[in-house]
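Q: Fold the following for me, if possible:
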Amino acid sequence: MNELREGPDYELHRLTERSPEFFDNTVGRHLESLESELAALQSEAEKLAGEIEELTGDPNPGIE
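A: Numbers count the residues shown, from 1 in each chain. Next up, the predicted model:
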């Protein structure tokens with residue numbers, strides 16, 4: 001039982017039980033972070049696609 005209580009999952013559970021807003025805020029921050037990372041990855045993918053097109057002359061390499 002002590003091992004379970006020392007883990008981060010238990011701490012998250014306790015904080016969420018005490019304050020449901022904590023959970024909502026935590027989820028919101030994670031969503032913002034993921035959306036930011038997704039935007040950065042999409043931008044990088046578009047940049048790389050442009051570079052591939054410049055090198056190969058094919059706007060859709062690997063797509064048949």
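
Q: May I have the predicted confidence score for Ile63?
A: pLDDT, Ile63: 67.

Q: Which residue is the nearest non-sequential neighbour of Pro61?
A: Closest residue to Pro61 apart from its sequence neighbours, by CB to CB, 6 or more residues apart in numbering: Ile52 at 5.5 Å. Backbone N, C-alpha and C define where each C-beta goes, glycine included.

Q: was I right about that neighbour contacting Asn60?
A: No: using CB atoms under 8 Å, Ile52 is not in contact with Asn60; the gap is 9.4 Å.

Q: higher neighbour count, these two?
A: Higher neighbour count among Ile52 and Asn60: Ile52, with 15 against 10, using other CB atoms under 10 Å.

Q: Now the most far-flung residue of the chain relative to its centre. Its backbone dihedrals?
A: Distance from the centre of the chain peaks at Gly57, with 32.5 Å (CA atoms, centre = their mean). Phi and psi for Gly57, reported as degrees, to the nearest 10, are phi 80, psi 0.

Q: before we move on, the earlier item: helix or strand for the residue nearest to Pro61, which one?
A: helix 20-56 (DSSP states H and E).
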